[in-house]
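Chemist: Sequence and predicted structure, then a few things I'm wondering about:
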Amino acid sequence: MILRGRAWTFGENISTDLIIPGRYAHLRGDLAELAKHTLEDIRPEFASTVRPGDIVVGGRNFGIGSSREHAVLVLKWLGVNAVVATSIARIFFRNCINAGLLAIEMETTGIEDGDELEVDLTAHVLRDRTKSFQRSFSPLPKVMRVILSEGGVVPYIRKYGRFPEEHL
């Protein structure tokens with residue numbers, strides 16, 4: 001499986017509160033409205049200009065802070081294809097997988113805004129088509145790949161009536 005998209009780069013320590021500010025918690029029941037405020041404190045144009053398939057790229061500690069699952073849901077709602085960061089907070093990482101949003105930890109130095117990226121999940125390689133370089137990343141465990149292939153853990157359970165087992 002290959003995903004292609006334009007890079008949106010962010011620095012280090014991007015918290016869930018930066019992704020979706022707590023002052024909009026009252027909008028959690030209206031994902032379309034909540035998504036309009038995604039990353040607005042650091043990239044006001046993000047929610048209105050991100051395109052389906054785009055890829056969010058971060059440095060260290062992406063998704064730190066509270067376990068706000070809506071921080072992942074708004075990214076998915078806006079059509080983000082993947083989150084790629086040097087390191088991703090554990091709960092945010094798992095929320096991504098559970099919601100069906102690809103999350104990859106790998107070195108992101110050199111990737112810039114607007115670069116055309118290609119994520120090859122079979123070869124475990126990210127290619128920066130703009131700068132003509134590629135980097136390998138560690139494959140996700142099979143259980144996570146299965147969850148992603150079904151669009152998230154809830155669609156998986158609806159389809160199969162159970163949680164995927166580690167020994168798949």
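Modeler: Here it is on my side, so go on. Residues are numbered from 1 along each chain as shown.
Chemist: so which helix or strand takes in residue 117?
Modeler: Residue 117 is part of strand 116-120, with elements assigned from DSSP states H and E.
Chemist: Show residues contacting that strand.
Modeler: Strand 116-120 has contacts (Cβ atoms under 8 Å, 6 or more residues apart in numbering) with 1-7, 55, 57, 81-82, 84, 102, 104, 111, 125-130. Placement of C-beta: from N, CA and C, glycine included.
Chemist: how about the biggest strand by length in the chain: buried residues?
Modeler: As assigned by DSSP state E, the longest strand anywhere in the chain is strand 2-9. Residues of strand 2-9 classed as buried: 5, 6, 7, 8, 9 (neighbour count, 16 or more other Cβ atoms under 10 Å).
Chemist: Quick one: residues contacting the third one.
Modeler: For residue 7, the contact set (Cβ under 8 Å, 6+ apart) comprises 54, 55, 57, 111, 112, 113, 114, 115, 116, 117, 128.
Chemist: Now with 6 Å, please.
Modeler: Residues near residue 7 by Cβ atoms under 6 Å, 6 or more residues apart in numbering: 55, 57, 111, 115, 117.
Chemist: low pLDDT regions in this structure?
Modeler: 166-168 (pLDDT under 70).
Chemist: same thing but at 80, please
Modeler: Scanning the chain for pLDDT under 80 picks out the ranges 165-168.
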